[in-house]
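In: Sequence and predicted model, in that order:
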Amino acid sequence: MGKGWSLRTRLLLAVTVALLPIAIASFLQGLDRVERDTRDIRAQLVQITRASASREENLLASAEQITRALANMPAVRHGGQGCSLALSDALRNLNFFTNLARVDAHGHIVCSARPVALGGSGAARAVFQRARRARKFVLSDQIINPSNHQPVILGMLPLISHDHFTGVVAISIDTHWLEYMVRAKHLPRNAVVAIFDTRRNIIAANNPAVAQALFTPAVARHSTGADLFTAHDRRGQTWLYSTAALLGSRVYVGFAMPQSQLFGATYVHVGTDFVLPFIMIALTWIAIWMVTEQQVTRWIIYLRRVAAAYRSGHYALRPSLRDAPSEFHMLGDAMAEMADAIQDRDHRLRDALQQKSLLVREIHHRVKNNLQIVMSLLSLQAGRVENDAARDALMQARARINALALVHRILHDIEELATVELRTLLTDLAAQIHEGFALDSSTLRLEIESISCQVSGDLAVPLALFTVEALTNVFKHAYPDRTRNGIIRVSLRSTGAGELSLAIMDNGCGYNPDGSGASVGARLMRTFALQVGGRIYMRSNRGLGTTVELVFPDPNQPERNGRGDGIPPAETAQQDLSLAPS
C-alpha cells in the first residue's frame, strides 16, 4: 500500500479487495443472464413472428391452390368458351378475392370473373414477366386495381403446354382482408404487426404510425442476427422486430415490440446482479468511515492538537483519553512522557543558549571597545603628525577601523546575532563618515536609498569597508573647491537577476578613469568585491560626478541567476545610477 495512505484508506482498500471477487462473480452472472435472456427473447420473437403470419400465409396459399384448381379446368386452361363463367362461379364463394382472370401469353386478359377487366393488358406488370420466367406461382407487390381503384395483391400461376408458356391464371387478393386479419389478432401489449411488400409499402398494420416508422425504407435498421433488427420510432423509442416472408419473397410480415418491454425483467435482474455488490461495498465503506471517525480519526485529531500544543511550548497539557480505545491510552501516556522529557531538555537548552548569547554579546562589545581605543590612538597620533599625507593615511585607517567597530556594535545590539541589517549598517556608517568630514564639507548633503536586507556578519564587514573607501574618496576628492552644493547618494537595490547593487554616487568634479585603478583605495575596493563574489564598476565624467557600483549575489536567493562575471550592467541601469549635478 501507499506509504502516505491513511488508516481509513487502507481499510477501505482492503475491504474492497476482499469483496471484489464477489462483485466480479455477480458481474459475470449478470452477463450470462443477459446472454441467455437475449437468446431466448430473440428465439421467441422469431417464433411469434412466424406464428402471427400463419393466417395470412394460409390466405396466400389458398390463392395458389385456387389458381391451380382453375388451371386444371379445360375451359380456363385454354381460355375458350365458358372460361369467364367458370371464373365467375369460382369467385362467387371467395370473399377474400376480388377477381379471377385468364391472361394469354402476350399479357392480354382473355376471360375474367369481372367483365370490366376484359380486354385489359397486364404485360407491363413486372409480376407477369416474373411468372413467365419463374414458371411457378408468384405474387406482386401491392398495386392499385385499375377496374375499381382498390389496393390488391396479384397472384399468377403460369400455364405451360408442351414446354411453352401459354399464359397465366391470375387472382386478385383484397388487402382489406389482410388488414382485418391483422387487427383481429390477439397480440401482447404494445406489440406491432405489419404486412409489407418488397418496396416496404405497408399493406396492413395494427398500428400504422409505428409500422410506418419501423418498416419503411428510410428507417435506419441494425441487424442483430437471425432476421432480427432494431429501429427507432418517431419518438425515439427503440424497437426490436423480426420479419418473415409470406409465400415467396414479395410479401412479408413484421412483428415488433419495444426493447424496454422485452428486456424489462432482464434489466431488473441484471441491474440487481451488477448493483448489489457495489451496494454491499458502499455500505461497508460507510460502516468503516463511521467507525474510524468515532474510534480512530477523532482521537488522532485530538492527539494532533495536543502535539501542536507541545510544539508551541505548552508542555503542562496532558491528554484526556477516558473514552478512547486502549491503544490511544498507551499513545497518550507515551506523549505525556515525551512532553516531560522535552520540557526538561528545553530548559537546559534555553539556559545554554542564553549563556552563549551573553558570551557572544560580550565578545562583540569588547571587540568594539578595543577598536574604539585603536581609533582614539590613531586620532591622537594624527593630531601630532604635521605631514598632511601621513595624517590623511591615519585618518583613512581610523575610518576603516570605525566601520569594523560599527559592525560589531550592530551585532551586539540586535537579538539575532547571526545577521546584520544592511540598511541600518549603511545609514549609520554613512552618517558617521559624513559627521567626520562635516567641518570641511558642511555644504554636502547625504542621501540613503536602501532596501531591507539581512546579511551575515562575514558579508557585512567587506561591504562596510567598501562603503568606507568609496565615501572617503568622495569627501576627499569629489569637491576640491567646497563651493558647490554637493549631493552624495548611497544606494542599495535589487537588480532583479538574483543580485544586489551597492552604489555610491556624487555630482562632484569627476576624474579621468585612466590610471584611477592604481590607488590604494581602488585596490582595496576590488579586494572587497572579490570577497563578496561580486563585480565592481567605476564610471566618471569630468564635471558630472562619479559612480562606484558593487554588484554581488543576493544572499537571500537560493541560486544566483545574475549576469556572468565581467559583463557590465545594462546601459539603462547605468543611467538610473547616474546623479545629475545640482
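Out: Received, thanks. Note that the structure is a prediction, hence the values are computed from the model and not measured.
In: ok, Ala170 - contacts?
Out: Applying Cβ atoms under 8 Å, 6 or more residues apart in numbering to Ala170 gives the contacts Thr67, Asn99, Leu100, Ala101, Arg102, Val103, Ile109, Gly122, Leu154, Gly155, Met156. For glycine as for every other residue, the C-beta is placed from the backbone atoms N, C-alpha and C.
In: just Ala194 next, same as before
Out: 182, 202-206, 208, 211, 214-215, 253-254, 256.
In: And Ala101, by the same measure?
Out: Contacts here follow Cβ under 8 Å, 6+ apart; on that basis Ala101 touches Leu87, Ile109, Cys111, Ser112, Ala113, Arg114, Ala117, Val169, Ala170, Ile171, Ser172.
In: now with 10 Å?
Out: By Cβ atoms under 10 Å, 6 or more residues apart in numbering, the contact set of Ala101 is 70, 76, 79, 83-84, 87, 91, 109-114, 117-118, 120, 122, 154, 156, 167-172.
In: any idea which helix or strand carries it?
Out: When elements are assigned from DSSP states H and E, Ala101 belongs to strand 97-104.
In: hey, where'd the helices end up in the stretch 301-450 of the chain?
Out: Chain-ordered helices for the stretch 301-450 of the chain, with DSSP state H, counting those that start in this stretch as the definition, fall at 326-384, 388-413, 422-436.
In: Does anything pack onto the last one? Which helices or strands?
Out: To tie it back to what came earlier, the one meant is helix 422-436. Using 3 or more Cβ pairs under 10 Å, 6 or more residues apart in numbering; DSSP states H and E as the contact definition, the elements that helix 422-436 packs against are helix 388-413, strand 444-450, strand 454-456, helix 457-473, strand 486-494, strand 499-506.
In: So which of the contacts of Ala194 wins on neighbours?
Out: Counting neighbours by other Cβ atoms under 10 Å, the top entry in these is Ala256, with 28 neighbours.
In: Please determine how far Gly486 is located from Asn201.
Out: Taking Cβ to Cβ, to the nearest Å as the measure, Gly486 and Asn201 are separated by 111 Å.
In: who's more crowded, the two?
Out: Set side by side, Gly486 and Asn201 show unequal neighbour counts under other Cβ under 10 Å, the larger going to Gly486 at 23 against 16.
In: With adjacent residues omitted, what lies nearest to the more buried one?
Out: Here the nearest residue to Gly486 in space, its sequence neighbours aside, is Leu444; by Cβ to Cβ, 6 or more residues apart in numbering that works out to 4.4 Å.
In: Would you mind putting the helices and strands packed on helix 422-436 into JSON lines with distance to Leu359 and mean pLDDT alongside?
Out: Converted to JSON lines, these look like this (distance: least, Cβ to Cβ, whole Å; pLDDT from 0 to 100):
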{"stretch": "helix 388-413", "distance to Leu359": "12", "mean pLDDT": "72"}
{"stretch": "strand 444-450", "distance to Leu359": "31", "mean pLDDT": "88"}
{"stretch": "strand 454-456", "distance to Leu359": "19", "mean pLDDT": "86"}
{"stretch": "helix 457-473", "distance to Leu359": "16", "mean pLDDT": "85"}
{"stretch": "strand 486-494", "distance to Leu359": "32", "mean pLDDT": "90"}
{"stretch": "strand 499-506", "distance to Leu359": "32", "mean pLDDT": "93"}
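In: could you redo these as a markdown table and give each row distance to Ala308?
Out: Written out in a markdown table, the entries for these read as follows (distance: least, Cβ to Cβ, whole Å):
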| stretch | distance to Ala308 |
| --- | --- |
| helix 388-413 | 34 |
| strand 444-450 | 39 |
| strand 454-456 | 29 |
| helix 457-473 | 35 |
| strand 486-494 | 37 |
| strand 499-506 | 38 |
